[in-house]
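Enquirer: coords below, sequence missing:
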């Protein structure tokens, strides 16, 4: 493809993307293809000779598009969910620019970015942008780059948690190593390390512990599905008496299941100075709301955490992937992840005057994620982002009012938290179904219709529907129409 062909096809691609969003409401949310459909439609081997762009574009329309789940299609615009706890599908609200135009600028140079020298602007813009965002969220100044802390953009919250679990493990083992212990003694200490999360914490913490090869303990929550300090203190005491070494805990702002907020200050109080336990705050979805003053009450205690993470690609109008992670002490990351073979060394890195983000993450190379963050922050401004958050909260309140208007058919299981609420379908008095049965049947029927996509979660013993507005284009009419769909199916099932 020469430059003239590139220019022509680039214009065509932009027109196709715009057409997709113009016609969005005509699409069914869920694809109706059968598993394995694409393998039957495509050749078994790569082509020997080049093919025309027109042929490739036609196959995109005829073979790829039928298998697409349309997250922003009309009835999905409000993102209803009956959500399974361990379902990592992208069913969270992806609130972003319709096309990732900033990434087009990123692709202009196609740099290989792994240290400052390979892309000074990539490194330095990330530092600047993450300081901007930390200030917008009113994070503690200890998380800013001017001190010992700083931020780095990871690919996802799961990746961020894996990074801090490993850093926390290495912090403990480094203390043991510095005390003069040999490898065998260090191995014994490592085998006694134990991390904590709650029954409502995202499964990423458990996966991170598997990666780090450390024990993981799940703690109970209160009646509001929050992790409390007294349960943390009791677990620490019990495990220490049993010979384990507590070293890490995840607290959450806005749990996946119900939007619950853990008692972060209580949890921080439960962590004793004698045992260096790393406190990580996972605010993957709800962290964006901290840009609004009315939600900063939920960040109380974050100033005592070792690290904080949220996903800009979930509720801050940024395309996937963009997951900022801040730490109070960046040396904890660099001491855990820094590896400097000769081919990666250079005068700038050796001088200590520059940041090499390769030492703050698992992979070596990295994308220019801060560029799209920079575009978003400047395009919308803090005022626009706040308006976006508050609009979704308003729409969620509207849906909650619809649910509450039919107490014979629906039951709110957890009230609105940020823009999330959960509810059940109630069977009629004559029905032999349980509320769990009714909820499951409504889920199946609506999913089969393709009009909405519903997944489920379980809170305690209750199967519930999880609701959260999910698109920058969601309007009240979408909320009203989607409620009518759910009401019709629920009435039929009940």
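Expert: The structure has been received and is ready for your questions. Since the model is a prediction, treat every value here as computed from it, not as a measurement.
Enquirer: isn't there a strand covering residue 250?
Expert: Yes. Assignment of residue 250 by DSSP: H, G, I helix; E, B strand; the rest coil places it within a strand.
Enquirer: quick one, strands of the stretch 201-350 of the chain?
Expert: 215-219, 245-252, 278-282, 307-309, 323-327 (DSSP state E, counting those that start in this stretch).
Enquirer: just checking, what packs against the shortest one?
Expert: Judged by 3 or more Cβ pairs under 8 Å, 6 or more residues apart in numbering; DSSP states H and E, the packing partners of strand 307-309 are helix 157-178, strand 278-282, strand 323-327. Every C-beta, even on glycine, is put in place using the N, C-alpha and C of the backbone.
Enquirer: rewinding a little: so which of the strands of the stretch 201-350 of the chain gets nearest residue 367?
Expert: In terms of Cβ to Cβ, the element of the strands of the stretch 201-350 of the chain nearest to residue 367 is strand 323-327, at 11.7 Å.
Enquirer: Now tabulate the helices and strands packed on strand 307-309 in TSV and tack on mean pLDDT and mean neighbour count.
Expert: Listed next are the helices and strands packed on strand 307-309 as TSV, based on pLDDT from 0 to 100; neighbours: other Cβ atoms under 10 Å:
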stretch	mean pLDDT	mean neighbour count
helix 157-178	93	21
strand 278-282	97	26
strand 323-327	96	27
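Enquirer: Could you export these as JSON lines, including distance to residue 228?
Expert: Shown next, in JSON lines, are those (distance: least, Cβ to Cβ, whole Å):
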{"stretch": "helix 157-178", "distance to residue 228": "21"}
{"stretch": "strand 278-282", "distance to residue 228": "14"}
{"stretch": "strand 323-327", "distance to residue 228": "25"}
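Enquirer: pLDDT below threshold where in the stretch 1-150 of the chain?
Expert: For the stretch 1-150 of the chain, the stretches with pLDDT under 70 are 1, 30, 46, 48, 71-102, 104-121.
Enquirer: For it, which segments count as strands?
Expert: 80-81, 150-154.
Enquirer: circling back: JSON lines for the strands of the stretch 201-350 of the chain, including distance to residue 356?
Expert: Formatted as JSON lines, the strands of the stretch 201-350 of the chain follow (distance: least, Cβ to Cβ, whole Å):
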{"stretch": "strand 215-219", "distance to residue 356": "31"}
{"stretch": "strand 245-252", "distance to residue 356": "25"}
{"stretch": "strand 278-282", "distance to residue 356": "23"}
{"stretch": "strand 307-309", "distance to residue 356": "19"}
{"stretch": "strand 323-327", "distance to residue 356": "15"}
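Enquirer: Looking at those strands, which is nearest to residue 173?
Expert: Comparing the strands of the stretch 201-350 of the chain by Cβ to Cβ, strand 245-252 comes nearest, at 9.4 Å.
Enquirer: Ignoring the adjacent residues along the chain, who's closest to residue 279?
Expert: Spatial nearest neighbour of residue 279, excluding adjacent residues (Cβ to Cβ, 6 or more residues apart in numbering): residue 305 at 4.6 Å.
Enquirer: Double-check residue 289 against residue 295; I have them as touching.
Expert: Yes. Using Cβ atoms under 8 Å, residue 289 makes contact with residue 295 at a distance of 4.2 Å.
Enquirer: These two: which is more packed in?
Expert: Between residue 289 and residue 295, residue 289 has the larger neighbour count (other Cβ atoms under 10 Å), namely 28 against 21.
Enquirer: And the pLDDT at that one?
Expert: As summarised for this prediction, residue 289 has a pLDDT of 95.
Enquirer: residues contacting it?
Expert: If you count contacts by Cβ atoms under 8 Å, 6 or more residues apart in numbering, residue 289 has them with 254, 295, 298, 315, 389, 393, 418-419.
Enquirer: switch to 7 Å and redo it
Expert: Going by Cβ atoms under 7 Å, 6 or more residues apart in numbering, residue 289 touches 295, 389, 418.
Enquirer: before we move on, what about residue 464?
Expert: Applying Cβ under 7 Å, 6+ apart to residue 464 gives the contacts 413, 422-424, 439, 457.
Enquirer: ok but it is inside a strand, no?
Expert: Yes. Residue 464 forms part of a strand when assessed by three-state DSSP.
Enquirer: so how far is residue 423 from it?
Expert: Distance, residue 464 to residue 423, by Cβ to Cβ, to the nearest Å: 6 Å.
Enquirer: what touches both of those two?
Expert: residue 413.
Enquirer: Regarding the protein, what is its longest helix?
Expert: helix 369-404 (DSSP state H).
Enquirer: got the angle between that one and strand 323-327?
Expert: Orientation note: helix 369-404 sits at an angle of 110 degrees relative to strand 323-327 (axes from the mean of the first three to the mean of the last three Cα atoms, to 10 degrees).
Enquirer: Which parts of helix 369-404 count as buried, going by neighbours?
Expert: Neighbour counts using 16 or more other Cβ atoms under 10 Å place 369-377, 380, 385-386, 388-389, 391-393, 395-396, 399-400, 402-403 of helix 369-404 among the buried residues.
Enquirer: just to revisit the earlier point, any common contacting residues for residue 289 and residue 295?
Expert: Common neighbours of residue 289 and residue 295 (criterion: Cβ under 7 Å, 6+ apart): residue 418.
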